[in-house]
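> Next one to model:
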Amino acid sequence: MGDVIFNNVRQCGHAKAVFQMFLNLFQVTGSNKGVGFAVVRALCKSYHGDVFLTSRGVGRGQAAIADLNKEGLQPKFHQLDINDRSSVDQLKSFLQTTYGGLDVLVNNAGIAYKKAHPAPFSERAEVTCKTNFWATLDVCRVLFPLLRPHASIPPCHSTITECSTAVQGRFKDPSLTMNGLEKIMQKFVDCALLCAVLSRQVNTRTMDSQTRRASCPRSGSFIQDREIRKDSREDIVINTCCSGSVTTDMSSHQGTKTIDEGEQFCRTYSETPGCDVVCVPVQV
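Next up, the predicted model:
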């Protein structure tokens, strides 16, 4: 993931020495395990700035810090529950007071229901979108004002390969606004709830897959990239990357890559700022 960020800046014409001078504070959400943990590890090995590992549970986060300490790495920890606005606000206040800004934000936090979970699809759709889409968007809206010139935001996303061509077209529409995207997401949740009310049967396996993918559409990053280009702060880059099918709790350990291979995948393919660089389906 270190090279993901470096490649973003390199595309803007910066030398590596200048890049390392600018980026001093790294924030990775949902990083006590899985790909997020691997991203923290890679950043600690590659850069001299402060790298913050975050998790909902303080105990799990501190245990992850201890594991990295055993490897000779010194990440820092801050509690963060992206579904809790007060938790997000506390993180912002801490970063603003302690560092005066933020250089790199890796939005990795997210959830996925297990296939065998008894919850109905309507609940899965509502809860998953609440976390993976709206809570992540909330984190962006709270923390983006802290971004300093030359900052980088490489969000981790999934592919949307099982939606109809018409739906994919709506996500890919270059004129789509964030307000329009939020309406699409709300309609998806409303339709799921309506199916529950009408007691309609749905293909749970297919719809679960669509929920995981639809809940974190890459189009949101494209919209944010268009908006941030109008910002007076110089050279802020928003990219979108996908780790591929990784063996983690989120994929019920059904992936084909290790967490370090997943981190390497992002590093290899996320080379063009503001563009869709994902080329394979993914289990998140």
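> So Leu146 sits against Asp103, correct?
No - in this structure, Leu146 is not within contact of Asp103 by CB atoms under 8 Å, at 9.3 Å. C-beta coordinates here come from the backbone N, C-alpha and C atoms, glycine included.
> Neighbour count for these two, which is higher?
Remark: of Leu146 and Asp103, Asp103 carries more neighbours, 24 against 19, as counted by other CB atoms under 10 Å.
> in this protein, which spans are helices?
Secondary structure of the chain, counting by DSSP state H: helices at 2-11, 16-22, 34-46, 58-70, 85-98, 121-129, 136-143, 165-172, 178-197, 204-214, 219-228, 259-269.
> Going by mean pLDDT, which of those comes out lowest?
Mean pLDDT is lowest for helix 2-11 among the helices of the chain, at a mean of 41.
> Can you point out the buried residues in stretch 164-176?
Phe171, Leu176 (16 or more other CB atoms under 10 Å).
> now do stretch 77-87
For stretch 77-87, a neighbour-count test (16+ other CB under 10 Å) marks Phe77, His78, Gln79, Leu80, Asp81, Ile82, Asn83, Ser87 as buried.
> closest to Asn239 among those?
Using CB to CB, the shortest approach to Asn239 within the buried residues of stretch 77-87 belongs to Ile82, at 19.6 Å.
> I'd like the distance between that closest one and Asn24.
23 Å (CB to CB, to the nearest Å).
> Equivalent analysis for Lys187, please.
Distance of Lys187 to Asn24, given as CB to CB: 41 Å.
> Looking at the two now, which is surrounded by more residues?
Asn24 (16 against 10).
> Contacts only, for the nearest residue to Lys92 once chain neighbours are set aside.
Here the nearest residue to Lys92 in space, its sequence neighbours aside, is Val142; by CB to CB, 6 or more residues apart in numbering that works out to 5.2 Å. Val142 makes contacts with Arg85, Val88, Asp89, Lys92, as judged by CB atoms under 8 Å, 6 or more residues apart in numbering.
> closest to Cys195 among those residues?
Arg85 (29.5 Å).
> which residues touch Glu234?
Taking CB under 8 Å, 6+ apart as the test, what Glu234 contacts is Pro149, His150.
> per-residue pLDDT, it?
Reading off the model, Glu234 has pLDDT 85.
> Next one: it relative to Lys92, how far apart?
Counting by CB to CB, the gap from Glu234 to Lys92 is 22 Å.
> Check Asp225 too.
With CB to CB as the criterion, Asp225 and Lys92 are 21 Å apart.
> Also Asp173?
31 Å.
> Wait, Thr136 touches Ile111, no?
No - Thr136 is not in contact with Ile111 according to CB under 8 Å; the separation is 10.8 Å.
> The two: which is more packed in?
Looking at Thr136 and Ile111 with other CB under 10 Å, you find the greater number of neighbours at Thr136, namely 24 against 18.
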